[in-house]
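Asks: A structural model of the following input is requested.
(one chain, ligands or ions: 2)
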Amino acid sequence: MAVLECSCNSEDTRDIEQLEARSASGALRSSVELLLLSKGPRGVRMDGPATPSALYRMISIPEAQEIVLRETIPLPAVPMGLAEGHNYILAQNVLAPEPVPPFPASIKDGYAVVSSDGVGEFEVAFEALAGSPPGKLQPGTVAYIGTGGALPEGADAVVQIENTDTLPPGPDGKKRVRINKAARGPGDDVRAVGSDIRAGQVVLQTGDLVGAAEVGLLATVGATVVQVHSKPHVAVLSTGDEVVEPTTKTLGPGQIRDANRAMLLAAACGTGAQVTDLGIARDTVGQLEACLERAIQAKVDVLITTGGVSMGDRDFVKPLLERHATVHFGKVKMKPGKPLTFATLDTPGSGGRPSRRMLVFGLPGNPVSSIVTFNLTVLPAIRRLAGWKEPGLRRVHARTTAAIKLDPERPEYHRVTLHWARPRDAPEGHVGGELVAVGTGGQISSRLLSMRSANALLELPAAEKTLPAGSVVSALLISDLSGMPVPQTPAGTISAS
Ligand SMILES: Nc1nc2c(c(=O)[nH]1)N[C@H]1C(S)=C(S)[C@@H](COP(=O)(O)OP(=O)(O)OC[C@H]3O[C@@H](n4cnc5c(N)ncnc54)[C@H](O)[C@@H]3O)O[C@H]1N2
Ligand code: MOO
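Replies: Ligands and ions are numbered 1, 2, ... in the order given. Predicted coordinates for the structure are as follows:
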């Protein structure tokens, strides 16, 4: 992970009018402003007032997610070495150039035999050890063979050592063995050529995530350099006059420590993205614009801001994006996260280079709103950039354990910890279970404790009613479930149905 520190806390306090005046006189020529001059048909305005936030159409979350993915183009493929390729998405199919195993290989330590020779006493003609070239076996003799050893020519099966007794050497000093239990026939305890992987078989496909096992497969077929999608470069910026560094020992009047930046940098890091910390911007157009410029200069693929996207007269993020980018939406019917804003900013390439696109997510300042909207929109975009075919959160169903009052207007993403438990009416000792959703306490969007240990978001519809305990509700997974509480049952338990 590369971390580039770049704080934007300059003392620049230009307001919108000053900016507009300087722009009109041609005094500003930063890369942000040059972008303005090269804007496309849906591009930005430098003249006229910003769209008041109240004027944004409130769209649904599925619509918002569709827009985000529509505007997100996977990053180009790059060659990557075997070890570094871990956790990348393949941009090519990988074929086996030869069969695995490439020779008939013993499955056991024992004796290579001619299966029709059956039981009896045999001379051990030679040793066929793993890694050695196979010898040639005559009928009526056997060869000692190790697991993975190449079956000698003439042999057609292996008898494991447990089914043999070592005999004293013969008068000629040759080793001898008694086969007590014959091979069941040709091929017994032998891996045939290509039985694991056929020659030419596609072992990995475009779009596959390279986990540890996939690295092993690449190594097996000798694919030491493969094409993978680049990982995006993500920058995170906090905004707000009240927001101070987490290192602040004593908070001044009205100050709060910046929770969002560290949290979102951690979340972005968790995707494998390269991350850049853009610091905290004060609520001034000048500082925000300077940070936007930094992000462009640093060639980030995804810029995440938090705060300043709502209705206040110091909420400058939307107006800034309206001026410098194409804003696709600025209000989403969801709780938390209503003022979620999404824009794209295209930088034209020069000297034959392709143009770059920066996705900009203006997340709400409330910490829970910022991490919930990250999971629902930013994460899928990061995954799509990195080449994921199915970048959305995985949906499961879970039973609620308490009554939940629904929001009458906005669908709510209710934070829960999923457990695996016996169904409610199941008798003691019942094998199998279902997902049970335990709420994380007060769900107000400022209360970050509601995200603590949350591994899923219940998708609650907007309605004028209370959902009774025991309802089955769809839930989106926001963390891997391997740490999920699970009642202990003996290993290998099988349900008797
Ligand atoms: N008149 C209206 N006011 C608000 C509306 C509305 O529709 N009409 N929407 C509310 C909703 S919903 C949300 S969510 C918030 C979002 O506001 P902003 O995105 O503009 O965020 P701020 O006002 O800057 O901050 C909100 C809240 O979060 C705290 N905060 C901000 N940054 C951080 C940070 N980095 N770490 C921790 N906490 C942070 C900030 O102090 C505020 O308490 O708007 C409602 N208002
Ligand atoms: O939508 Mo806001 O995120 O409810 O608090």
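
Asks: okay, CA-based contacts and neighbour counts for the rest of this
Replies: Noted.

Asks: where does this structure have low pLDDT?
Replies: Residue ranges of the chain with pLDDT under 70: 1-54, 495-497.

Asks: ranges for the helices of it?
Replies: 16-24, 31-37, 61-70, 212-220, 260-270, 285-297, 317-324, 367-373, 379-385 (DSSP state H).

Asks: now the ones you listed as TSV including mean neighbour count?
Replies: Formatted as TSV, these follow (neighbours: other Cα atoms under 10 Å):
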stretch	mean neighbour count
helix 16-24	14
helix 31-37	18
helix 61-70	16
helix 212-220	16
helix 260-270	19
helix 285-297	22
helix 317-324	23
helix 367-373	25
helix 379-385	24
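
Asks: of these, which is nearest ligand 1?
Replies: With Cα to the nearest ligand atom as the criterion, ligand 1 lies closest to helix 260-270 of these, at 4.3 Å.

Asks: give me the contacts around the closest one.
Replies: Taking contacts as Cα atoms under 8 Å, 6 or more residues apart in numbering, the residues outside helix 260-270 that touch it are 1, 234-238, 274-277, 279, 306, 365, 367, 370-371, 374, 379.

Asks: so how do I select the buried members of those residues in ChimeraX?
Replies: Buried residues within these, by 16 or more other Cα atoms under 10 Å, are selected in ChimeraX with:
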select :234,235,236,237,238,274,275,276,277,279,306,365,367,370,371,374,379
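
Asks: sorry, back to before: distance to Asp425 added to the helices of the chain, as TSV?
Replies: Output for the helices of the chain, formatted as TSV (distance: least, Cα to Cα, whole Å):
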stretch	distance to Asp425
helix 16-24	63
helix 31-37	62
helix 61-70	36
helix 212-220	40
helix 260-270	38
helix 285-297	56
helix 317-324	52
helix 367-373	34
helix 379-385	38
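
Asks: how about those, which one is nearest Val360?
Replies: Among the helices of the chain, the nearest to Val360 by Cα to Cα is helix 317-324 (8.4 Å).

Asks: kindly export that closest one (C-alpha atoms) in PDB.
Replies: What follows is helix 317-324, C-alpha atoms only, in PDB (Å, rounded to 0.1, in the frame of the first residue of the first chain):
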ATOM      1  CA  VAL A 317     -18.900  20.200  -2.200                       C
ATOM      2  CA  LYS A 318     -21.900  20.000  -4.500                       C
ATOM      3  CA  PRO A 319     -21.400  23.600  -5.900                       C
ATOM      4  CA  LEU A 320     -17.700  22.800  -6.400                       C
ATOM      5  CA  LEU A 321     -18.400  19.600  -8.300                       C
ATOM      6  CA  GLU A 322     -21.100  21.300 -10.400                       C
ATOM      7  CA  ARG A 323     -18.400  23.800 -11.500                       C
ATOM      8  CA  HIS A 324     -15.700  21.300 -12.200                       C
END
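
Asks: just checking, what packs against that helix?
Replies: helix 31-37, helix 285-297, strand 341-347 (3 or more Cα pairs under 8 Å, 6 or more residues apart in numbering; DSSP states H and E).

Asks: which of the contacts of helix 260-270 fall within strands?
Replies: 234-238, 274-277, 279, 306 (DSSP state E).

Asks: nearest to ligand 2, of the residues you listed?
Replies: Closest to ligand 2, out of all of the ones in strands among the contacts of helix 260-270 and judged by Cα to the nearest ligand atom, is Thr306, at 11.2 Å.

Asks: just checking, Asp346 touches Pro354?
Replies: No: Asp346 lies out of contact with Pro354 (Cα atoms under 8 Å); the separation is 10.5 Å.

Asks: ok, those two, which is more surrounded?
Replies: Asp346 (20 against 10; other Cα atoms under 10 Å).

Asks: partner residues bridging that one?
Replies: Beta-bridge pairing of Asp346 under DSSP bridges involves Arg357.

Asks: contacting residues around it?
Replies: Contacts of Asp346 (Cα under 8 Å, 6+ apart): 35, 325, 355-358.

Asks: 7 Å - rerun?
Replies: Counting by Cα atoms under 7 Å, 6 or more residues apart in numbering, Asp346 makes contact with 355-358.

Asks: cool, Ser132 as well?
Replies: With Cα under 7 Å, 6+ apart, Ser132 has no contacts at all.

Asks: and it, how far from Ala192?
Replies: 18 Å (Cα to Cα, to the nearest Å).

Asks: check Ile107 too.
Replies: Taken as Cα to Cα, the span from Ile107 to Ala192 is 10 Å.

Asks: burial of Thr417, as a residue count?
Replies: Thr417: 23 neighbours (other Cα under 10 Å).

Asks: ok, and the closest non-adjacent residue to it?
Replies: For Thr417, ignoring the flanking residues on the chain, the nearest one in space by Cα to Cα, 6 or more residues apart in numbering is Ala454 at 4.6 Å.

Asks: okay, how far is it across stretch 181-188, tip to tip?
Replies: End-to-end distance (Cα to Cα), stretch 181-188: 12 Å.

Asks: er, stretch 69-81 actually
Replies: 29 Å.

Asks: near ligand 2, which residues of the stretch 301-450 of the chain? Just list them.
Replies: 335-338, 369, 445 (Cα under 6 Å from any ligand atom).

Asks: re earlier: quick check, the residue nearest to Thr417 in contact with Tyr413.
Replies: No: counting by Cα atoms under 7 Å, Ala454 does not reach Tyr413; the two are 11.5 Å apart.

Asks: so for the two, which sits in the more crowded spot?
Replies: Tyr413 (23 against 20).

Asks: what residues does this protein put near ligand 1?
Replies: Checking the chain against ligand 1 by Cα under 6 Å from any ligand atom, the hits are 238, 240, 243, 258-261, 306-311, 315, 337-338, 364-367, 369.
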